[in-house]
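Visitor: Let me see the structure of the following:
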Amino acid sequence: MNEAVRLEHVSFSYGGPEIVSDISLSVAAGDYIGVVGPNGSGKTTLIRIILGLLKPSHGEVFISGEPIRSFASWEKIGYLPQKISSFNPNFPATVEEIVGLGLLSHKAFPRRITRSDRDLVDGALEHMGILDLKYNLIGELSGGQQQRVFVARALVHTPQILILDEPTSALDPQARDKFFEILTSLNKKQNLTIFLITHDIGNIGRYASKLIYLDKRVIFYGNFEEFCLSKNITEYFGAHSQHLICHRHGV
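Guide: The predicted structure follows:
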């Protein structure tokens, strides 16, 4: 089994109480991980640790078997943050141009888009089902279409790991389900390892191969069926709430 990510006794704090505490887990290459938990549970902090944006107070992180302190192949990881702070929907850029920015960040100067780069952009757009929108302005698209554009930007350099923080929070149910289906297809066809933070436990349980339920520490790590049988989850939610989550989604 090839290992995508491993955490060994990872904790983090800003000098006060720990935000995540003693987290140990191993994620195989090709796993599709739903990261769930209440607000303030440390989900985004955990992802930022995996991305090397935060250094653990304690513990070790490994990417593709390599200690994160010496890991240099960051092009292997695509990332879609919760808020695209630099995104102005009225900026006069086309879909093709937005996705192409995902290639420029990995180029040395002078940074130019080549013909082969345009092929990569087309491939990423095709994977997300929006190739026909490549010449549209980003501001002309629906919220669901815009989110697919940003995932295409994260995918354009063909990463091995894709990390998404609450990518469906602003989408309606139909767009959300379509988005989850596209990610599932990418996971299966490309053996792409996916981490997806969401509050939607039941729906991500239909798609992800495993769930991490986090509340500063790992409450549960396993598949959705195991989640529905987990004594830890029964103690955490109560048997009735656990049953409602699982029954509502056909498990």
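Visitor: Show me where the stretch 151-251 of the chain has its strands.
Guide: Secondary structure of the stretch 151-251 of the chain (DSSP state E, counting those that start in this stretch): strands at 161-165, 193-197, 210-215, 217-222.
Visitor: Just put these in a markdown table and tack on distance to Tyr14.
Guide: In short, each C-beta sits where N, CA and C put it, glycine included. As requested, the strands of the stretch 151-251 of the chain are exported to a markdown table (distance: least, Cβ to Cβ, whole Å):
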| stretch | distance to Tyr14 |
| --- | --- |
| strand 161-165 | 19 |
| strand 193-197 | 20 |
| strand 210-215 | 18 |
| strand 217-222 | 17 |
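Visitor: Could I get these in TSV, plus columns for distance to Phe91, mean pLDDT and mean neighbour count?
Guide: Compiled in TSV, those are given as follows (distance: least, Cβ to Cβ, whole Å; pLDDT from 0 to 100; neighbours: other Cβ atoms under 10 Å):
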stretch	distance to Phe91	mean pLDDT	mean neighbour count
strand 161-165	22	93	22
strand 193-197	26	95	25
strand 210-215	35	94	22
strand 217-222	40	95	18
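Visitor: Of those strands, which is nearest Ser142?
Guide: Using Cβ to Cβ as the criterion, the shortest distance between Ser142 and the strands of the stretch 151-251 of the chain is 18.2 Å, found for strand 161-165.
Visitor: between the closest one and strand 193-197, how big is the angle?
Guide: Counting by axes from the mean of the first three to the mean of the last three Cα atoms, to 10 degrees, strand 161-165 lies at 10 degrees to strand 193-197.
Visitor: Strand 161-165 pairs with which strands?
Guide: If you go by DSSP bridges, strand 161-165 pairs up with strand 77-80 (parallel), strand 193-197 (parallel).
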